[in-house]
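> return atomic coordinates for the entry below.
(2 chains, ligands or ions: 1)
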Amino acid sequence: MADKPDAAELKEYSEAADAWFKENTVRDPGFMLPLTFMEVSTDEQFDFLREWQRKVYEAGYLGASWPKEYGGGGLHTDFQRAATRAMKKYDAPIMLNAIGNGWAGPLILDLGSEEQKQTYIKGMLNAEDIWCQGFSEPEHGSDLGNAQLKAVKEGDEYVLNGSKIWTSLGDRAKYMILLARTDFEAENKYKGLSFFLNPMKIDGISTSRIKKLTGEYGFVQTFFTDARISADCLFGGEGNGWSMAMKTLEYERGAKVKPVGGYFVKELDVMQIVELAKNSMRNGKPLLDDPVMRDKMTQYMIDIQALNLNNTRRRMPQLMQDKPMGLPLMNKLARTELIRELTEFSLGFQGTKAGYYVGDENAVDDGYWHRSYLNSFSATIGGGTSEIQRNIVAEHALGLPKTR
Amino acid sequence: MDNLGNIGTTEEQIELMDVATNFCRDKSPVEKVRALIDDDLGYDPEIWREVGELGWLAIAIPEAHGGVGLSMAEVVPIAEQMGRNLMSTPFGMTTLAAQALLAGGTEAQQAAWLPKISEGMAATLALREDHGDWDLAHVDCAGTHSGDSIALAGKKQLVLWADSAELIIASVMIDDRLRFALIERSALPEGALRREEIIDETARSYELNLDGVSVPDSALLDADRGREIIEKVELAAGLIHAAEMTGGAQAVIDYTLEYLKTRKQFDKIIGSYQALKHPTVNNYVEYEKARTHLYSAAFSWGEQGRGEVAVRMAAAQAHDSYSQAADRSIQFHGGFGFTHDCDAQLHRRKAIMSGALIGDAPYQRSKLAGLLFD
Ligand SMILES: Cc1cc2nc3c(=O)[nH]c(=O)nc-3n(C[C@H](O)[C@H](O)[C@H](O)COP(=O)(O)OP(=O)(O)OC[C@H]3O[C@@H](n4cnc5c(N)ncnc54)[C@H](O)[C@@H]3O)c2cc1C
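All right, here's what the predicted structure looks like:
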């Protein structure tokens, strides 16, 4: 890794980043921007976010700490952190290519061949190549190890048959990280799996859009019918699919980070909720005069502050000695559950207005809170459910026996 | 929100954390904790002497008064490990008494007492009264001038370790002002202290009858710094108890995990049942939040505004996490959990005691709400 910068260098970089985001951030393009990468619904949203990511990358504020030879900036991670801070400060839109930059990219940088790094990394950084993830199947979500999509080797090709579901960005993606079964006779379900960097725009692969609970689109079902891909697409060797998938999930669930920059999911701004509470009425008085609401609101402030500081504490080995995997593994669980509870709570602030949804002129904050609450489930279900995440924390951080 | 603190550590904190972890673990195994329950004194005088020798009472006292010149931030890792090992001594109360002297003592009072405390003398505070209010400014005990001295009247409750303390600092109303009187225990009349039955069997507490006690004028802390003293003592107490409770929460979770990993029912290790596993994870998550808040409170200590927010957040989170973890621990130990032999109850009781002393989580939140929203 590049050298740790001195304070002056970092300061200069931070100021430049600040100035850039101040100048270039468009907060309101005239249509509703997605709060997470899983919510990209319309062409308008997609095109805007893709262009935004390209622009941030070209300015040097995305992938700043990734290796230079593959398109990154080759700088120390402190620089990227500074850039991301600037993005947050100016409330910049999210980064679109989450699966590429967040999990496939780090995986390829960790374990890919020189050629794979040359082929894939730059295209994901500049959003030229959108990535999706084909793990879940209609019958097998949490029980990922049971994936049944068939990949049969014929000569120097694999022939794919089966279906993946809830594929975020599946209809927009050029590549998919794909978990498929290459060996139906293997001694256990995990050993029969293989992992592919699969091209999406080929014959035999089609997608159909799925409407989400919010009323929008954002993910698809993906169908494979005798789709033929080159054997070179295999990643990590035949039979190693489970281990590749688990390594991917370490990034997805936040247990490991190779910070590419930006954020894929908009963080909830505490002040926004406080403002909402301040402007809400209860029995003719401001809601924050109601002792029960005050108490709950305060507890949420305590929770949010703890989770924000946990992120800093994670990087302080002295305060992590007891159960080193604890904070990294619990992060996804705690944060996503908190956001769900908090956004639900905020609906109650609105009194009669809680009845309005996005699109009505009477909706509070254009329906932002309703949309946030409904969307919050994307994170408590996607990427492994909270229940599965509790099993993981229990088994890997606390050492409890496996649930069978 | 700009009155929220940050997190960080000092080198001294980390060093003390290492030393305190080993010391408290070695000197306070749970068998010993249990043996001390029936002991009159309630702690091992040998350990108390060592605590003094280690210089732990001197940490947050300025060098000019024989102290080490650090701050309450560095007291945190020690209190945390004491709480983790249920190690009882007058450490917390003595530290708080020193903070009161620092906040409102005259030069002469500080010079008289702080060096002694630095060397290992025990002291305590007498702040609670029969009305049960957590508001430290709510004081009914009174002092009236008579010549060069002040005659005190009323009863103080929950005066921890009063029989060991050489100095007791009591809050009283004098001429309608909140004042603090330095009382030497050796000067107390026979029978002024009555041992109380308290829920935390590992601590000792006394009711102090002030009737018939008088102190010279020179034994009153600064009249103009009453507010400062209250604020300082309240925050320092919040921080110390948050540290003890956070350590306690860690211990009770580990204790529960041990059981969940060994006890079998229906031919399975009970820790594999999600009905026990998931709430244990929830409690663990809450504990980690408490520890993060604790070190944030230590880090933000001394910062105007932020310090108080951070300390109250830490206290609220620690009280909730400790109580809940210990409560579930009792349940998850089944029939054994209902016995005095199960350590979970030691922790459950201690959490109640801490809440009783500094104000429980809802109380801390009610104070926080004012700081955050108004
Ligand atoms: C917005 C969104 C985007 C997504 N994007 C993608 C994507 O891009 N690519 C992709 O591959 N997948 C994606 N998914 C799918 C997601 O990973 C799965 O939905 C998830 O893993 C859960 O699987 P399932 O839906 O089959 O639920 P199930 O596994 O059927 O779970 C049903 C219920 O049972 C519980 N449960 C299951 N097993 C256990 C257990 N062992 N212990 C306790 N409780 C259990 C679950 O927690 C849940 O409450 C996405 C999902 C969402 C919501």
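
> which residues in the chain form strands?
Here I'm looking at chain A. Ranges of strands in chain A, per DSSP state E, are A:131-134, A:150-154, A:157-168, A:175-181, A:193-199, A:205-210, A:219-230, A:234-235, A:281-282, A:285-286.

> correction: the question concerned chain B.
Listed in chain order, the strands of chain B (DSSP E) span B:123-126, B:142-146, B:149-153, B:155-160, B:167-174, B:177-184, B:193-196, B:205-209, B:213-216, B:264-265, B:268-269.

> what stretches of chain B score poorly on pLDDT?
B:1 (pLDDT under 70).

> so which residue is dead centre in it?
The residue lying closest to the centre of chain B (C-alpha atoms, centre = their mean) is B:His241, at 4.0 Å.

> ok, that residue touching B:Ser354?
Yes - applying C-beta atoms under 8 Å as the test, B:His241 and B:Ser354 come out as touching, 4.6 Å apart. Every C-beta, even on glycine, is put in place using the N, C-alpha and C of the backbone.

> overlap in contacts of the two?
B:His319 (C-beta atoms under 8 Å, 6 or more residues apart in numbering or on different chains).

> all helices of the chain, in order?
This is for chain A. Using DSSP state H, the helices of chain A run over residues A:7-24, A:43-58, A:77-89, A:98, A:105-111, A:114-125, A:241-252, A:270-278, A:291-313, A:326-349, A:368-381, A:386-392.

> that answer is for a different chain, and I need it for chain B
Counting by DSSP H, chain B forms helices over residues B:11-27, B:30-37, B:45-53, B:72-84, B:91-104, B:107-119, B:226-262, B:274-300, B:306-332, B:334-337, B:343-358, B:361-373, given from the N-terminal end onward.

> now render those as a markdown table, adding distance to chain A.
As requested, these are exported to a markdown table (distance: least, C-beta to the nearest C-beta, whole Å):
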| stretch | distance to chain A |
| --- | --- |
| helix B:11-27 | 5 |
| helix B:30-37 | 18 |
| helix B:45-53 | 23 |
| helix B:72-84 | 10 |
| helix B:91-104 | 22 |
| helix B:107-119 | 27 |
| helix B:226-262 | 6 |
| helix B:274-300 | 4 |
| helix B:306-332 | 5 |
| helix B:334-337 | 17 |
| helix B:343-358 | 15 |
| helix B:361-373 | 4 |
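
> A:Phe196 is nearest to which of those helices?
Counting by C-beta to C-beta, A:Phe196 lies closest to helix B:274-300 out of the helices of chain B; the figure is 33.1 Å.

> near the residue of the stretch 51-200 of chain A found nearest the ligand, how many other residues are there?
Nearest residue of the stretch 51-200 of chain A to the ligand: A:Gly141, at 1.7 Å (C-beta to the nearest ligand atom). Taking other C-beta atoms under 10 Å in any protein chain shown as the neighbour definition, A:Gly141 ends up with a count of 18.

> out of everything not next to it in sequence, what's closest to B:Trp234?
Careful, residue B:234 is Glu; it's not Trp. Nearest non-adjacent residue to B:Glu234, counting by C-beta to C-beta, 6 or more residues apart in numbering or on different chains: B:Leu136, 5.7 Å away.

> okay, that neighbour and B:Leu127: tell me how far apart.
Remark: distance between B:Leu136 and B:Leu127 (C-beta to C-beta, to the nearest Å) = 6 Å.

> what of B:Ile78?
In this structure, B:Ile78 and B:Leu127 are 22 Å apart, going by C-beta to C-beta.

> okay, these two: which has more neighbours?
When B:Ile78 and B:Leu127 are compared for neighbours, B:Ile78 comes out ahead with 30 against 25, by other C-beta under 10 Å.

> nearest residue to that one other than its sequence neighbours?
Residue nearest to B:Ile78 in three dimensions, not counting chain neighbours: B:Ala20, with 4.6 Å by C-beta to C-beta, 6+ apart.

> picking up where we left off before, show me what contacts the residue of the stretch 51-200 of chain A closest to the ligand?
The neighbourhood of A:Gly141, defined by C-beta under 8 Å, 6+ apart, consists of A:Trp166.

> once you drop chain neighbours, what's closest to the residue in the stretch 201-350 of chain B that the ligand sits nearest to?
When C-beta to the nearest ligand atom is the measure, the stretch 201-350 of chain B has its nearest residue to the ligand at B:Gln274, with 5.8 Å between them. If the residues on either side of it in the chain are set aside, B:Gln274 comes closest to A:Thr403, at 5.8 Å by C-beta to C-beta, 6+ apart.

> is the one you found in contact with B:Ser272, as I believe?
Yes - with the criterion set as C-beta under 8 Å, A:Thr403 and B:Ser272 qualify as a contacting pair; they are 5.4 Å apart.

> quick one: contacts for B:Leu235?
Contact partners of B:Leu235, counting by C-beta under 8 Å, 6+ apart, are B:301, B:307-308, B:311.

> what is the neighbour count of A:Phe377?
By other C-beta under 10 Å, 17 other residues sit near A:Phe377.

> model confidence score at A:Glu39, please.
The predicted local confidence for A:Glu39 comes out at a pLDDT of 88.

> nice, that's everything, thank you.
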